[in-house]
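Visitor: Fold the following for me, if possible:
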Amino acid sequence: MVQFFKQSKPKLAPQAPLDVTIAEVNSHGIGVTRHQGKPLFVPAALKGERVRVRIEQQNAKYQTARLLKVLTPAASRAQPFCPYINDCGGCSLQHMAVHEQRALKARTMTQLFSRQGMNDLPEPEWLTHSLNQGYRRVARLAIRLQGKGVALGFRRSQSHQLVEIEHCGVLRPALSSLIAPLRTLLNQLKATKQLGHIELYEAVEGVAILLRHTASLAATDMELLLSFAQTRDLALFLQDDHSRRPLHVPFSLYYQIDNIKLSFTPGDFIQINGPLNGQLVAKAQAWLAPAPDDAILDLFCGVGNFSLPLAAAGHTVIGVEGVTEMVEQARGNAEDNELSQARYYRADLAADFTQEPWAQQGFERVLLDPGRAGAEHVMPYLCKLAPERLLYVSCNPVTLARDSQPLLAAGYKLTRLCLIDMFPHTVHCEAMALFELN
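Guide: As a prediction, the model looks like this:
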């Protein structure tokens, strides 16, 4: 085999501390100033602050530095609540007051739409939210072999390395309190090299765990896992490369929107922020404002998060999803809640679905809630359906701004925009946009 020599990048010699003043904060929440004619990026620094830093990386275009000390703090600087703030890659905006976090996210949203030539946006609305900590009811914990044992935690900022944690301030307390006991359990197993990751879910009646593993588990490991779940009254599921299976399920797994129960299985997508999800569903229904006889199409419907509340309000709803298991789950939820006016179908939403029997009836109202990749392939077919109102729920404003273009070209107008702070203390922001046909 021919081997090619690749010169390694020279390591930056240790730099002396440098005092700088932060000129602005960019869309990633990173402080920016200039040094030696190049941008200098300083994470965890705020606009106007005088800070002491040490340059750690530099190239021909920019430099990055580590914050050593805040010499003159901004009046709004907040005290981080998490002891892992300097290492964990999660909640990087804890030093920023929540109202400033939202202002940053709103500016970023405006910039994204502006790059698509959309400068005349409606005034963004925010969902109210009372929990800035302890809000996550879903989490994925990474597992790594470190030294002689198993470490459990989250990835380090801009790295695949693991930050081992004892607790997490943004998780629901019932999930956070399981981190240390789970680490102890994992270190008792024989199959430490076959462990993938752990997912935690807080349902109405209790906590569920999904353990991903890459090979069969020994009988002694299965006994330890079962005993852990039984002792703590947890639901426990195992998943390998072939299947996902329950090991111990002492209660029903569901979350609730008003009086509607939405059952799910660990591994299914559900919104991580329960209180905000309820507000989001209510606002979606208000913005769609369907007439009593309007049929509503819900694309990327999941387990029925939007469609079942709409059906409970008396509307006929067609839910469509690309994942067969999710369609079956949504159908079961409709049956359990006695909502026969919600019907669900499986379809490839990247292909032309307008000729499907369920699409032939026509729709005056359409809601779609795609994943981070957005709905670029869906937009031409939605324009062909030509609903009067189209509501786009987005977990990625970049793809929302992109997907808005074909709608505007087809005669739609963006009339309302809602920003959703689903992940406080992060730069992530979700959005909901209402398009109406002119």
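
Visitor: Just list whatever residues bridge to the nearest residue to Thr72 once chain neighbours are set aside.
Guide: Using CB to CB, 6 or more residues apart in numbering and skipping the chain neighbours, the partner closest in space to Thr72 is Arg50 (3.8 Å). Every residue, glycine included, has its C-beta placed from N, CA and C. Counting by DSSP bridges, Arg50 forms beta bridges with Thr21, Thr72.

Visitor: How many residues are close by the closest residue to Leu112 other than its chain neighbours?
Guide: In this structure, Leu112 finds its nearest non-sequential neighbour in Ala401, 4.4 Å apart by CB to CB, 6+ apart. By the measure other CB atoms under 10 Å, the count of residues near Ala401 is 22.

Visitor: these two touch, right, Ala401 and Thr108?
Guide: No. Look at Ala401 against Thr108 with CB atoms under 8 Å: they stay out of range, at 10.6 Å.

Visitor: which residues sit in contact with Gln239?
Guide: By CB atoms under 8 Å, 6 or more residues apart in numbering, the contact list for Gln239 reads Leu210, Leu211, Arg212, His213, Arg245, Gly267.

Visitor: quick one, strands of the stretch 301-438 of the chain?
Guide: According to DSSP state E, counting those that start in this stretch, the stretch 301-438 of the chain carries its strands in the segments 316-321, 342-346, 365-368, 389-394, 412-420, 430-437.

Visitor: Parallel or antiparallel, list what pairs with the last one.
Guide: Each strand paired with strand 430-437, and its direction, by DSSP bridges: strand 389-394 (antiparallel), strand 412-420 (antiparallel).

Visitor: what's next to the shortest one, contact-wise?
Guide: Going back to what we said before, that points to strand 389-394. For strand 389-394, the external contacting residues (CB under 8 Å, 6+ apart) are 280, 284, 287-289, 306, 364-370, 374-375, 382, 400, 403-404, 407, 412, 430-437.

Visitor: Would you mind checking the average pLDDT for that strand?
Guide: Strand 389-394 carries an average pLDDT of 98.

Visitor: Buried residues, that strand. List them.
Guide: Arg389, Leu390, Leu391, Tyr392, Val393, Ser394 (16 or more other CB atoms under 10 Å).

Visitor: and the gap between Lys190 and Ile296?
Guide: The gap separating Lys190 from Ile296 is 52 Å, by CB to CB, to the nearest Å.

Visitor: Mind checking which of those two has more residues around it?
Guide: Between Lys190 and Ile296, counting by other CB under 10 Å, Ile296 is the more crowded of the two (27 against 12).

Visitor: and the angle for the helix or strand where the more buried one lies with strand 389-394?
Guide: Ile296 belongs to strand 295-299 when elements are defined using DSSP states H and E. Strand 295-299 runs at 20 degrees relative to strand 389-394, counting by axes from the mean of the first three to the mean of the last three CA atoms, to 10 degrees.

Visitor: Now do strand 295-299 and strand 342-346, the angle between them.
Guide: Strand 295-299 and strand 342-346 are oriented at 40 degrees to each other (the same axes, to 10 degrees).

Visitor: for the protein, longest helix please?
Guide: helix 98-115 (DSSP state H).

Visitor: From Lys38, how far out is the residue nearest to Thr72?
Guide: With CB to CB as the criterion, Arg50 and Lys38 are 20 Å apart.

Visitor: who has more neighbours, those two?
Guide: Shown here are Arg50 and Lys38; by other CB under 10 Å, Arg50 has more neighbours (15 against 12).

Visitor: for the most centrally placed residue in the chain, what are its contacts?
Guide: Nearest to the mean C-alpha position of the chain, by CA atoms, centre = their mean, lies Cys395 at 6.6 Å. Each residue near Cys395 by CB under 8 Å, 6+ apart is listed here: Gly371, Arg372, Met422, Glu430.

Visitor: just so I have it, where are all the strands in the stretch 151-300 of the chain?
Guide: Under DSSP E, counting those that start in this stretch, the stretch 151-300 of the chain gives strands at 162-164, 195-202, 207-213, 235-239, 244-248, 254-257, 260-263, 295-299.

Visitor: any idea which of those strands is most buried?
Guide: Among those, strand 295-299 has the highest mean neighbour count (mean count of other CB atoms under 10 Å), at a mean of 25.

Visitor: can you tell me the average pLDDT over it?
Guide: 96.

Visitor: in this structure, which spans are helices?
Guide: Counting by DSSP H, the helices of the chain are 98-115, 173-176, 179-186, 219-232, 274-288, 307-312, 324-336, 379-385, 397-409.

Visitor: contacting residues around the fourth one?
Guide: What that stands for is helix 219-232. 178, 181, 185, 188-191, 209, 211, 217, 234-236, 238, 247-248, 250.

Visitor: What angle do helix 179-186 and it make with each other?
Guide: Using the same axes, to 10 degrees: helix 219-232 against helix 179-186 is 150 degrees.

Visitor: can you tell me the distance between the two ends of stretch 363-371?
Guide: With CA to CA, to the nearest Å applied, stretch 363-371 spans 22 Å between its terminal residues.

Visitor: how about that stretch: buried residues?
Guide: By neighbour count with 16+ other CB under 10 Å, stretch 363-371 contains the buried residues Phe363, Glu364, Arg365, Val366, Leu367, Leu368, Asp369, Pro370.

Visitor: Just give the closest residue to Leu71, not the sequence neighbours.
Guide: Nearest one to Leu71, counting by CB to CB, 6+ apart, is Arg50 at 4.3 Å.

Visitor: Break the chain into its domains for me.
Guide: As given by automatic domain parsing, the domain ranges for the chain are 18-77, 110-129+272-437, 138-248.

Visitor: The strands of the stretch 301-438 of the chain: which one's closest to Phe113?
Guide: Of all the strands of the stretch 301-438 of the chain, it is strand 412-420 that lies closest to Phe113, at 8.5 Å by CB to CB.

Visitor: still on that earlier bit, please name whichever of the contacts of Gln239 scores lowest on pLDDT.
Guide: Minimum pLDDT for these is recorded at Gly267 (91).
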